[in-house]
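**Student:** got a predicted structure here, sequence first:
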Amino acid sequence: MEQERNIIDMTGISKTFNGVKALDNVHLSLKKGSIHALMGENGAGKSTLIRVLTGAYPFESGRILVDGQDVVNTSPEMAQKNGISTVYQEVNLCPNLSVAENLFIGREPRKWGMIDWKTMNRNADKILEDLDIHLDVTIPLESYSVAIQQMVAIARAVGFQSKVLILDEPTSSLDEEEVQKLFGLMRQVQAKGVGIIFVTHFLEQVYEVCDTISVLRNGTMVGTYPVEELPRMQLIAKMMGKDLDDLEEIRSDVSFQIEKSGTPLLEAKQVSRLPVVKPYSLELHKKEVVGVAGLLGSGRSELVRLLYGADMADKESQIRFQGQEVKLKHPYDAMKCGLAFCPENRKAEGIFPDLTVRENLNIAFQTRQGIFKLIPKKDQERFTDEYISILHIKTQDRETLIRNLSGGNQQKVIIGRWLLTHPELLILDEPTRGIDVGTKVEIQKLIVKLAQEGMGVFFISSEIDEMVRTCSRMIIMRDGQKVGELTQREELNQEAVMKAIAGGEGEC
């Protein structure tokens, strides 16, 4: 019966930030020797729950038991003493120190008050050999790849006799071969009886290495399931809050027909940024709204950032715009070609919070004009008033600081900024996130209107229903690669999109 006792029992955990419930009465249990996936979309509460467990955040109510004993971790150091170790995507070790030093930092063997280097290196070799890791422990950690550094971080946790290992997005920067090596190590750690909490957005990896899945949504625990009892499509439905038995195609008062004609506006061939985005090819014509669908972490944003030059594509990538091959090494190159990009994180990458609505709206047009062709203030005011009217931007006046506007109105200013440059292709990454329903509908109608007038649009949204009623076709992304495309209007319904995102149709 001892084997069956949970290593971790979190019950009734609640955490509030500024009056908003980040966790609401959450329960999570972890068994000895289990690899337990913690799944959920962005903002579901995964990171908050981990920080509560590891002592980085206090919690208002609930209880945490480790091996049946009540614990209150007030810091990550205390959590580690209680047998809980965490390995993050960004390895939190000291790259300039040797592998052995990283394995034993803070607990170095000593002889006559001095570090016993011979013993430390020998013990480091033993820890790694037990996990089938073969390294020179005397050289700096930074000499090794990110994958090897993560393995050293896991080995350090094992050396600490950890009962629980939390892996937070450990595979995001790894190629397939490195992922398999990491999985092999996870299975060895599992065999030693360590419980592993695996946080990832990669569905295929969950079904390859995990035995249990817990799903968080909006700060609440949806449920915990054996992997074999939760097919991919049901997992996605639980993460997104959709009812598979009652899926209905959402109708809109917007009706439109988009036809492909002539040379593609944009043509991409074998575009990649390994290992994050695997090679893909696609076309987009004028008057098309092409959706890019997939779970967070599937590569949606990374794909469109390559098309805009916000991230550098691998050298084998080819992009043609209006029939001409282009090299997009920088967003300015894309802007000159006639592309525009509204990024996902408007606070960090979209708005200039200390500038006015007028300054924010005109800044891209001014950049395109160049610093020696300053736009007269009178023209700036005219442009701003025009787009305030067209987009129904609610602001006291054009000189109001943009940080004082609501999120939806900030988004409208960003869209207006790019429309002022009269782009041929508009890329919208989560343009309706965090804004009210009425403004969402306005933005969706605007997208369709722009396409009807001849613009090409890439549209990314986590809300499948708005993509269904806005897009003419959808590209499906999963695990960093394009895995499918829905090209017929009748195919564009929530059930078809969710099936395509889930993949493994025989298992759905």
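**Tutor:** Ah, there it is. Predicted, not measured: the structure shown is a model, and the values here were computed from it.
**Student:** I'd like to know how far residue 50 sits from residue 85.
**Tutor:** Here residue 50 is placed at a distance of 12 Å from residue 85 (CB to CB, to the nearest Å). Quick note: C-beta positions are derived from backbone N, CA and C, even for glycine.
**Student:** give me the common contacts of these two.
**Tutor:** Residues touching both residue 50 and residue 85 (CB atoms under 8 Å, 6 or more residues apart in numbering) are residue 166.
**Student:** tell me which of these two has more neighbours.
**Tutor:** More neighbours surround residue 85 than the other of residue 50 and residue 85, with 23 against 20 (other CB atoms under 10 Å).
**Student:** show me the contacts for the nearest residue to that one once chain neighbours are set aside.
**Tutor:** Leaving aside its chain neighbours, residue 85 sits nearest to residue 157 (3.5 Å; criterion: CB to CB, 6 or more residues apart in numbering). Neighbouring residues of residue 157 by CB under 8 Å, 6+ apart: 85, 87, 165.
**Student:** need the contact list for the first one.
**Tutor:** Residue 85 makes contact with 79, 156, 157, 160, 162, 164, 165, 166 under the criterion CB under 8 Å, 6+ apart.
**Student:** let me know the closest of the residues you listed to residue 375.
**Tutor:** The closest of the contacts of residue 85 to residue 375 turns out to be residue 166 (CB to CB; 51.7 Å).
**Student:** where does the stretch 151-300 of the chain have low pLDDT?
**Tutor:** Along the stretch 151-300 of the chain, the parts satisfying pLDDT under 70 run over 173, 242-261.
**Student:** do the same with the chain
**Tutor:** Flagging of the chain using pLDDT under 70 yields the residue ranges 1-4, 42-43, 89-91, 173, 242-261, 346-347, 434-439, 504-508.
**Student:** which phi and psi does the residue of it most remote from its centre have?
**Tutor:** No residue in the chain sits farther from the centre than residue 112, which is 49.9 Å out by CA atoms, centre = their mean. With angles defined as degrees, to the nearest 10, residue 112 sits at phi 50, psi 40.
**Student:** skip the chain neighbours and tell me the closest residue to residue 124.
**Tutor:** That would be residue 100: by CB to CB, 6+ apart, it lies 3.7 Å from residue 124.
**Student:** circling back to that earlier point, just the closest of the contacts of residue 85 to residue 11, please.
**Tutor:** Comparing those against residue 11 with CB to CB places residue 164 closest, at 16.0 Å.
**Student:** residues near that closest one, how many?
**Tutor:** Neighbours around residue 164, by other CB under 10 Å: 24.
**Student:** and for the one 4 residues further on?
**Tutor:** Burial of residue 168, expressed as a neighbour count using other CB under 10 Å, amounts to 19.
**Student:** over to residue 79?
**Tutor:** Count around residue 79 with other CB under 10 Å applied: 23.
**Student:** element containing it?
**Tutor:** According to DSSP states H and E, residue 79 maps onto helix 76-81.
**Student:** show me what that helix is packed against.
**Tutor:** Under the contact definition 3 or more CB pairs under 8 Å, 6 or more residues apart in numbering; DSSP states H and E, helix 76-81 sits against strand 84-88.
**Student:** which parts of the stretch 351-500 of the chain are strands?
**Tutor:** For the stretch 351-500 of the chain, the strands defined by DSSP state E, counting those that start in this stretch occupy 425-429, 456-460, 473-478, 481-486.
**Student:** tell me the angle the third one makes with strand 456-460.
**Tutor:** In other words, strand 473-478. 40 degrees (axes from the mean of the first three to the mean of the last three CA atoms, to 10 degrees).
**Student:** in its sheet, what does strand 473-478 sit against?
**Tutor:** strand 289-293 (parallel), strand 481-486 (antiparallel) (DSSP bridges).
**Student:** how about the last one: buried residues?
**Tutor:** Applying a neighbour-count criterion of 16 or more other CB atoms under 10 Å, one finds 481, 482, 483, 484, 486 buried in strand 481-486.
**Student:** same check, this time on stretch 361-375
**Tutor:** 361, 362, 363, 364, 365, 366, 368.
**Student:** please apply the same query to stretch 398-417.
**Tutor:** Buried residues in stretch 398-417 (16+ other CB under 10 Å): 398, 401-402, 405, 407-417.
**Student:** related to what we said a few turns ago, could the contacts of residue 85 go into TSV alongside secondary structure and distance to residue 230?
**Tutor:** Listed next are these as TSV, based on DSSP: H, G, I helix; E, B strand; the rest coil; distance: CB to CB, whole Å:
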residue	secondary structure	distance to residue 230
79	helix	29
156	helix	32
157	helix	28
160	coil	32
162	coil	27
164	strand	22
165	strand	22
166	strand	21
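**Student:** now residue 8. Nearest residue, chain neighbours left out?
**Tutor:** Sequence neighbours aside, residue 30 is the residue nearest to residue 8 in space, at 4.0 Å (criterion: CB to CB, 6+ apart).
**Student:** so what's that neighbour up against?
**Tutor:** Residues near residue 30 by CB under 8 Å, 6+ apart: 6, 7, 8, 36, 164, 195, 197.
**Student:** need the CA coordinates for the host helix or strand of it. CSV is fine.
**Tutor:** Residue 30 is part of strand 20-31, with elements assigned from DSSP H and E. The C-alpha trace of strand 20-31 is given here as CSV (Å, rounded to 0.1, in the frame of the first residue of the first chain):
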residue,chain,number,x,y,z
VAL,A,20,-8.7,38.2,-9.7
LYS,A,21,-8.7,34.5,-8.8
ALA,A,22,-5.7,32.9,-10.5
LEU,A,23,-6.4,29.6,-8.7
ASP,A,24,-9.8,28.6,-7.4
ASN,A,25,-10.0,25.6,-5.1
VAL,A,26,-7.5,23.6,-7.1
HIS,A,27,-6.7,19.9,-6.3
LEU,A,28,-3.7,18.1,-7.7
SER,A,29,-2.2,14.8,-6.7
LEU,A,30,1.1,13.2,-8.0
LYS,A,31,1.9,9.5,-7.5
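**Student:** which neighbours does that strand have in its sheet, and in what orientation?
**Tutor:** For strand 20-31, pairing defined by DSSP bridges yields strand 6-17 (antiparallel).
**Student:** residues touching the strand it pairs with, excluding its own?
**Tutor:** 21-32, 48-49, 52-53, 57, 59-68, 83-84, 163-164, 195.
**Student:** again, 6 Å this time
**Tutor:** With contacts defined as CB atoms under 6 Å, 6 or more residues apart in numbering, strand 6-17 is touched by 22-32, 48, 52, 59-65, 163-164, 195.
**Student:** show me which of the residues you listed are buried.
**Tutor:** Buried among the contacts of strand 6-17 by 16+ other CB under 10 Å: 22-24, 26-32, 48, 52, 59, 62, 64-65, 163-164, 195.
**Student:** where along the stretch 1-150 of the chain do the helices fall?
**Tutor:** Remark: helices assigned in the stretch 1-150 of the chain by DSSP state H, counting those that start in this stretch are 46-53, 76-81, 99-104, 117-130, 146-159.
**Student:** now the most centrally placed residue in the chain: how far from residue 480?
**Tutor:** Nearest to the geometric centre of the chain sits residue 297, at 3.9 Å (CA atoms, centre = their mean). Distance, residue 297 to residue 480, by CB to CB: 9 Å.
**Student:** just residue 306 next, same as before
**Tutor:** 12 Å.
**Student:** wait, residue 400 touches residue 357, no?
**Tutor:** Yes - in terms of CB atoms under 6 Å, residue 400 counts as a neighbour of residue 357; the distance is 5.5 Å.
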